[in-house]
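Participant: Here is my input, please return the structure:
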Amino acid sequence: MKRRILLCFLVGFVLSCNQSKETTKPIRDLPAVSGLSGKALANIHCASCHSFVRPETLSKTIWKNDVLPAMGNRLGIFNGDHQPDSIFGSFRNASIVKKENVFPEKPVLAREDWTKIVSYYVDNAPDTVLPPKRNTTIKIGLRHFKYTEATYSNGPPLTAMIKILPNKRGLVFSDSKRNRNRLTFLTPNLEKELDLPFRNTPIHYYENADTVYLTTIGKNVFPNDLSDGALQKFEKDKIPQNPETGKMLIQNLQRPVNMVFSDLTNDGLEDIVACEYGDLTGKLIWYENLGNGSYSPHILKNKPGAIKVVIKDHNADGRNDIFVLMAQGDEGLFYYENMGKGIFKEKRLLTFSPLNGSQYFELADFNGDGFDDILYVCGDNADKTPILKAYHGIYIFLNDGKMNFEHSYFYHQNGAYKAIPKDFDKDGDLDIAAISFFPDYADSPEESFVYLENKGNLTFDASSFAESTKGRWIVMDAGDIDGDGDIDLALGSFVQFLAKGDTTGLSKKWLTDSPSVIVLENTLR
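Facilitator: Purely as a prediction, here's the structure:
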C-alpha cells in the first residue's frame, strides 16, 4: 500500500519508524485452503482494496522484495509466525494503527493461498521494467517568464507551503525543519519582510478580509497517523506579535494536507473541508461552522489519502458540492453531491492504479463547451516502487456534460506533483504550469518544471527554464505577485538529504545552494 508525504502537500519520502522488540504472540486459527488459482486469489484479496495491478507493471525483484511483503502484512501474513511491532511505527502511531486493525493479527487467507499469489506475481513479472523514453522535446527558455530567486533562504530548504498574497503584498512560505519551523513573508521584490517561528509546521494559509486561517500539520510532516494538526485564526495585522497565540478553532487534525473553506449549508457561514491524509489511517471530513467559534465534524470518507479538494456548485442547484482526489491505495476522484441538510451523496468519477501516486487535480474547461473537465496529476514515487513510470504525468479528462469523463490528453512527466491551468499568455485558452518532485534528473532534469503552452485542440508545446535544477520543487502557487495584471508563478524547494544513488551531484548541491523559493515573473505586462 502506498505511504507518502503530500502535498498538498508533502508526499514522497520513506517513513522513519521506531524499531522495537517483536511480539511473540503466536497466530492461530488459520483459514482453510481455497483451491483457487493465484490470479483469482489476487483479484479477491488484492483488488478488494484497490484497482487490480498486473504483474507486468513491476519487476520480479520489486514484487518479491518490496511490494508483496507489504501486501502480505495487510493480509495478516508476516515474515515469520508473528506480527512485528516495527510495522506500526512509533509508540504513539502504533496505538492508532492497531486500533484500526490495519494489519490483521490473524491471516485472512491460508499460507498456501498466499504462496500462490506470490508465485503468480513473481512468475509473470519481467526481470526488469525498462524506463520510459521521452518522445517529446522540452525547449529551454520560457518566452514570457523571468526567473528570480528570493534574497532570503532558510537553507537547506524544507518548504512545505507557498502562497502568493493579493494586492501586491508579496508571498508567504513555510519551512518544516523539526523544532525550527518558520513562516516567512517576502515583499513583491522577494526580500524578507517577516520571519516567524512556529511550534508546528504551517501547511495551509487562507485569508478572508482581515482574518488569517493558518493550518499546521504538527512537528513531523513525514508519513504518520498522529492527530497533531490544528487550525488557528489570527487577525492579519497581529500575526507578528502573536505567532503562536491565534484563536484555536479546530484541534486534533490527522496530518492535514489540504483545507478548503466554503459555505456548505447555505447559512452564510464558511464551513471547512479537511483532507486529513494521515498515512495508514486518515479521513476526509467536513467541519460545520456553528457560528459561535466552534465547528462540528462530519466524516465523508473514513480512509487515508484525501489529498486535494475542490468545492463548487457543479449541478447549479444552489448548494456547493465537493470533489476530492484520494491517494494511498484506492486511488480515484470522487464527487459528493450536496443534498442539503448536511447530507452528501458519493459518486466515484475516476479510478486510478495504486501505482499512480495521485497528487493533484483541478476542474477547468479545456475545450470551451461550458463543462468542467478534469486536470489530473500523478507522480509520487517514493514508496515501494521508486522507478520511472511511463504513466506518471498530466492527464486531461473531458466531461461529456453528464459527469462522464473521457481520457483525452496525456503529457508524460516523471514524478509529477502539481499542475496549474491558467491563461498565462493571455490568448484566451488554458496553459499548464507543472512541477515534478521525482523527475528523471539523469536524462531529463528540465522536466522538474514544465510550461505547456496551449496551441489548440489539446496540443501543447513544452518548455522549461535553465535554472530548473537549482531546487527540488515540491510546492507551487500562481497569482499576480506584482499587481501588473498577469499571472506569475512561485515555486518552493524541499531538500532533505543526499538522494540515495544520485549520480548527478544535484542533491549535494541543493544542501548548500538551493533557494527556498523562486518566482517566475510573467513579463507580458
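Participant: what about the strands in the stretch 351-500 of the chain?
Facilitator: 358-364, 373-378, 393-399, 405-412, 416-422, 431-436, 449-456, 459-464, 473-479, 488-493 (DSSP state E, counting those that start in this stretch).
Participant: Is it possible to get TSV of the ones you listed that adds mean neighbour count and mean pLDDT?
Facilitator: For the C-beta atoms, the positions are set from N, CA and C on the backbone; glycine is no exception. TSV is the format used below for the strands of the stretch 351-500 of the chain (neighbours: other C-beta atoms under 10 Å; pLDDT from 0 to 100):
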stretch	mean neighbour count	mean pLDDT
strand 358-364	23	98
strand 373-378	25	98
strand 393-399	22	98
strand 405-412	16	98
strand 416-422	25	98
strand 431-436	26	98
strand 449-456	20	98
strand 459-464	17	98
strand 473-479	23	98
strand 488-493	26	98
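Participant: Make a markdown table from those and add distance to residue 70 to it.
Facilitator: Compiled in a markdown table, these are given as follows (distance: least, C-beta to C-beta, whole Å):
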| stretch | distance to residue 70 |
| --- | --- |
| strand 358-364 | 18 |
| strand 373-378 | 20 |
| strand 393-399 | 25 |
| strand 405-412 | 27 |
| strand 416-422 | 23 |
| strand 431-436 | 25 |
| strand 449-456 | 32 |
| strand 459-464 | 35 |
| strand 473-479 | 24 |
| strand 488-493 | 30 |
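Participant: nearest to residue 313, of these?
Facilitator: Judged by C-beta to C-beta, the one of the strands of the stretch 351-500 of the chain that comes nearest to residue 313 is strand 358-364, at 11.7 Å.
Participant: Now do that closest one against strand 373-378, angle only.
Facilitator: Relative orientation of strand 358-364 and strand 373-378, computed by axes from the mean of the first three to the mean of the last three C-alpha atoms, to 10 degrees: 160 degrees.
Participant: which secondary structure elements does strand 358-364 contact?
Facilitator: strand 306-312, strand 321-326, strand 373-378, strand 416-422 (3 or more C-beta pairs under 8 Å, 6 or more residues apart in numbering; DSSP states H and E).
Participant: Reformat these as TSV; add distance to residue 214.
Facilitator: Listed next are the helices and strands packed on strand 358-364 as TSV, based on distance: least, C-beta to C-beta, whole Å:
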stretch	distance to residue 214
strand 306-312	18
strand 321-326	22
strand 373-378	25
strand 416-422	21
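Participant: Give me the helices and strands touching the host helix or strand of residue 232, please.
Facilitator: Assigned by DSSP states H and E, residue 232 falls within strand 229-235. Packed against strand 229-235 by the contact rule (3+ C-beta pairs under 8 Å, 6+ apart) you find strand 211-216, strand 247-253.
Participant: Point out the most buried one among the ones you listed.
Facilitator: Highest mean neighbour count among the helices and strands packed on strand 229-235 (mean count of other C-beta atoms under 10 Å): strand 211-216, with a mean of 21.
Participant: related to what we said a few turns ago, for the strand holding residue 232, give me every contacting residue.
Facilitator: Residues from elsewhere that reach strand 229-235 (C-beta atoms under 8 Å, 6 or more residues apart in numbering): 200, 210-218, 242, 246-256, 259, 272, 276.
Participant: and what of stretch 44-55?
Facilitator: 1, 36, 42-43, 63, 71, 74-75, 108-109, 117, 120-125, 329-331, 351-355.
Participant: For stretch 103-120, output the C-alpha coordinates as CSV.
Facilitator: Output of stretch 103-120 as CSV, limited to C-alpha atoms (Å, rounded to 0.1, in the frame of the first residue of the first chain):
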residue,chain,number,x,y,z
PHE,A,103,-2.5,-5.2,9.9
PRO,A,104,-4.7,-8.2,11.0
GLU,A,105,-3.2,-10.2,13.8
LYS,A,106,-4.5,-13.4,12.2
PRO,A,107,-4.1,-14.2,8.4
VAL,A,108,-7.2,-13.6,6.3
LEU,A,109,-6.2,-16.4,3.9
ALA,A,110,-4.2,-19.7,4.1
ARG,A,111,-0.5,-19.6,3.8
GLU,A,112,-0.8,-21.9,0.8
ASP,A,113,-3.1,-19.4,-0.9
TRP,A,114,-0.7,-16.5,-0.2
THR,A,115,2.1,-18.6,-1.7
LYS,A,116,0.0,-18.9,-4.9
ILE,A,117,-0.4,-15.1,-5.0
VAL,A,118,3.3,-14.6,-4.6
SER,A,119,4.1,-17.1,-7.4
TYR,A,120,1.5,-15.5,-9.7
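Participant: Off-centre distance for that stretch?
Facilitator: How far stretch 103-120 lies from its chain's middle: 31 Å, per C-alpha atoms, centre = their mean, to the nearest Å.
Participant: Same check on stretch 402-419?
Facilitator: 15 Å.
Participant: again with stretch 131-140
Facilitator: Put simply, stretch 131-140 sits 24 Å off its chain's centre (C-alpha atoms, centre = their mean).
Participant: Can you mark which positions in it are buried?
Facilitator: Neighbour-count burial for stretch 131-140 flags 132, 138 (criterion: 16 or more other C-beta atoms under 10 Å).
Participant: What's the end-to-end length of that stretch?
Facilitator: One end of stretch 131-140 sits 23 Å from the other (C-alpha to C-alpha, to the nearest Å).
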